[in-house]
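> structure of the sequence below:
(chains A and B)
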Amino acid sequence: MISRMLDGVPRRARALLGLLLAVLLIAPLVVNPYILSILILVLYFAYTGQAWNVMMGFAGQLSLGHSLYVGVGAYAAAAIYTHYGIGPWAGIWASIAISVLCGLFIGFLAFRFGISGVYFALLTIAFAEFTRVGFDHFPWVNGSGGLFLPVEEYASNDPLNLRGAPVMFYYFLLAITVLAFLFCRWLLTGRIGYYWLAIREEPEAAQTLGINVFRYKMLAVAISAGMTALGGVFYAFYYNNLFPEQIFSMSRSIELILGPIIGGIGSLFGPILGAFVLTVLAEGLSEIMVTLGYDIPGFKQVFYGICLLLVIVYLPHGIWPPLRKRLGLESKP
Amino acid sequence: MSDALLAVDGISKSFRGLRAVARASLDVPRGGIVSLIGPNGAGKTTCFNMVAGVFRPDEGSITFDGRRIDGMRPDQICHAGIGRTFQIVKPFRELTALENVVVGALRAEPSVRAAQRKAEAVLDQLGMLERRHHPATQLTLPERKRLEVARALATEPKLLLLDEVMAGLRPTETDQMVAVFRELNQRRGITILLIEHVMRAVMALSQQVVVLHYGQVIASGAPEQVVRDPAVLECYLGEEADL
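Okay, the predicted model is just below:
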């Protein structure tokens, strides 16, 4: 199994990945809190981008409503914690389960009735939107007033309840990003991966070769939704407040998919690279603008738009595939 | 009748009132090679699509290996033992030739590694081994046609449905393909049903020819006999009598 995952990965790629991991592991020891907060954002987008990529990049199903899974995951664990005092490590399973069920429900509606492509994407937006409206009027989580997690001064980090300093969240996010990367590599090199790519490329031919297209599409949605929900849990416990208007908003769904699109849809490193490039550039540029005395609202969104345009025009497969070629890291047969 | 691997009995299919196939029947004997010919629009591909599970017949039955398969999904029909190719090739474009065939090989193989070995063997058999690491987009049309065959073969079918795999090939390439199919048929015992316009291949391969015209079977029998049939000559060969 391990050897299958390493198959065809050049030695240099393994070395660079190891180096990157080492840098990320020691980074919190040397950077200031501001840089750390940006790195946390990077990891959050790398992780959720990887999760989205399972559906779009591997199985070819475009979801524009992934904020649904982030939000449902975040709300489930946070509400269980605030109402019953049950810690997030138990709540995570509820988050994942509910999110997977939401995904399966949408997937069932779409795939059973042959809704695909743009229409499928519209359906995902619709579900995220009416979940947002629903949560606005959901008293158990305080509706549009927002759900707040108790915040106190902590003497030390409490990892069991996910209460503590940003550096703790950094390491948790790093861990799930690494695990997601390995998990996706494992999926992609296995039977499921071949089936997904076949479905993405040519569903009719895939079915002719004995693939139960419906089942494997459902599997992609379930895995993607479950992974995304886990990201949502860390989001909730890091920010300590949840508002339906924010977490379920369309712009959050878009933000989440920009990383993989710019990094390279369907590639494993694309979502990670995309998250780095976008977040660091956007934060850096707005910081420079503020220092220069230009505090322009919506600057980041415009910047994202320009990045997206440039990548779509000049690098339709994203930054990573050509960069990988340039670095000589292409997998050998 | 009982020795037929595939028995198609009186199937019909209409599209918005247009009767594409009308009560067509044909038998493919176990281990045989049967050609389905007819002018464009005669309903050949529609027949194929019903056998392969793309469409459910409006009436009639399809029995494969002693089992009713009409109305089953294409993936179930593949598992039952029927492999098909598409007239308009449908390669997995971003995948290499080898990966394309691995997808098919996974139907019967337990692991990815085993499927990779199997896929290499199949590509070798079709003379495409040295092209295995090329993306499907870089293959020529004849190569893509062979890739279709390789992918279907890798699923280990008992019956192979070939939809115009010789179209666009040069005569020497056609002869190579004919040799490949003859070997598959004789050595591995694969039964073949093919739609073909290239009469050179039809005459060389088939033990039996079925002629479809306006969705109806108008003649069937040995190739030499069918091409002399006056009804066939009139409707079909009359238009392009270049035998």
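
> what segments of the stretch 51-200 of chain A are helices?
A:67-84, A:88-112, A:118-136, A:166-189, A:191-201 (DSSP state H, counting those that start in this stretch).

> so who does residue 217 touch?
Picking chain A for this. Contacts for residue A:217 (C-beta atoms under 8 Å, 6 or more residues apart in numbering or on different chains) come out as A:59, A:61, A:107, A:111, A:199. Heads up, the C-betas are built off the backbone N, CA and C, glycines and all.

> I was thinking of chain B, sorry if that wasn't clear
B:24-26, B:210-211.

> so where do the strands sit in chain A?
Counting by DSSP state E, chain A has strands at residues A:147-148, A:241-242.

> just to revisit the earlier point, packed most tightly, which of the helices of the stretch 51-200 of chain A would that be?
Greatest average neighbour count among these goes to helix A:67-84 (a mean of 25), per mean count of other C-beta atoms under 10 Å in any protein chain shown.

> phi and psi next, for the closest residue to residue B:30 other than its chain neighbours.
With C-beta to C-beta, 6 or more residues apart in numbering or on different chains as the criterion, residue B:30 has its nearest non-adjacent residue at 4.2 Å, and that residue is residue B:5. Here is the backbone geometry of residue B:5 (degrees, to the nearest 10): phi -70, psi -40.

> okay if I get the contacts of residue A:217 as TSV plus pLDDT and distance to chain B?
Below are the contacts of residue A:217 laid out as TSV (pLDDT from 0 to 100; distance: C-beta to the nearest C-beta, whole Å):
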residue	pLDDT	distance to chain B
A:59	97	13
A:61	96	16
A:107	97	17
A:111	95	13
A:199	97	9
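
> pick out the most distant pair among these.
Using C-beta to C-beta, the two most remote members of those are A:107 and A:199, lying 12.8 Å apart.

> could you break chain B into its assigned domains?
The record's domain parsing of chain B by automatic domain parsing lists B:1-81+B:159-243, B:92-156.

> can you list the residues of chain B near chain A?
Applying C-beta under 8 Å from any C-beta of the partner chain, we find that chain B lies next to chain A at B:52, B:54, B:73-75, B:78-79, B:83-84, B:86, B:90-96, B:98-99, B:102-104, B:106-107, B:111-113, B:115, B:132-133, B:151-152, B:155.

> quick check: buried residues in stretch A:199-214?
For stretch A:199-214, a neighbour-count test (16 or more other C-beta atoms under 10 Å in any protein chain shown) marks A:199-203, A:205-214 as buried.

> got the end-to-end distance for it?
Stretch A:199-214 has its terminal residues 10 Å apart, counting by C-alpha to C-alpha, to the nearest Å.

> now that stretch, how far from the centre of its chain.
The gap between where stretch A:199-214 is centred and where its chain is centred comes out at 26 Å by C-alpha atoms, centre = their mean, to the nearest Å.

> so which residues make contact with that stretch?
Contact with stretch A:199-214 is made by A:58-60, A:111-112, A:116, A:195, A:198, A:216-217, A:266, B:52, B:54, B:73-75, B:78-79, B:83-84, B:86, B:90-95, B:103-104, B:107, B:151-152, B:155, as judged by C-beta under 8 Å, 6+ apart.

> mind putting the domains of chain B into JSON lines with distance to residue A:305 and mean pLDDT?
Formatted as JSON lines, the domains of chain B follow (distance: least, C-beta to C-beta, whole Å; pLDDT from 0 to 100):
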{"stretch": "domain B:1-81+B:159-243", "distance to residue A:305": "41", "mean pLDDT": "89"}
{"stretch": "domain B:92-156", "distance to residue A:305": "27", "mean pLDDT": "95"}
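
> can you check which of those domains gets nearest to residue A:280?
Among the domains of chain B, the nearest to residue A:280 by C-beta to C-beta is domain B:92-156 (29.3 Å).

> now do the contacts for residue B:94.
A:197, A:201, A:266, B:135-137.

> nearest to residue A:91 among those?
Nearest to residue A:91 among the contacts of residue B:94, counting by C-beta to C-beta, is residue A:266 at 32.1 Å.

> what's the closest non-adjacent residue to residue A:133?
In this structure, residue A:133 finds its nearest non-sequential neighbour in residue A:244, 7.9 Å apart by C-beta to C-beta, 6+ apart.

> count the residues that sit near that neighbour.
24 (other C-beta atoms under 10 Å in any protein chain shown).

> how close does it sit to residue A:104?
Plainly put, residue A:244 is 22 Å away from residue A:104 if you go by C-beta to C-beta, to the nearest Å.

> ok, longest helix in the chain?
Went with chain A since none was named. In chain A, assigned by DSSP state H, the helix with the most residues is helix A:213-239.

> oops, chain B please
The residue-count maximum for a helix in chain B (DSSP H) belongs to helix B:171-187.

> can you list contacts of it?
With C-beta under 8 Å, 6+ apart as the test, helix B:171-187 has contacts from B:31, B:33, B:125-127, B:142, B:146, B:149, B:153, B:160, B:162, B:165-166, B:169, B:190-192, B:194, B:198, B:200-201, B:204-205.

> ChimeraX command to pick out the buried ones of those?
The buried residues among the contacts of helix B:171-187 can be selected in ChimeraX (16+ other C-beta under 10 Å) with this line:
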select /B:33,125,126,142,146,149,153,160,162,165,166,169,190,191,192,194,198,201,204,205
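
> ok but residue B:83 is inside a strand, no?
Yes - under DSSP: H, G, I helix; E, B strand; the rest coil, residue B:83 falls within a strand.

> can you pull the contacts of it?
Contacts for residue B:83 (C-beta under 8 Å, 6+ apart) come out as A:208, B:104, B:152-153, B:155-157, B:159-161.

> one more time with 7 Å
B:152-153, B:155, B:157, B:160-161 (C-beta atoms under 7 Å, 6 or more residues apart in numbering or on different chains).

> so it bridges to which residues?
Beta-bridge pairing for residue B:83 (DSSP bridges): residue B:160.
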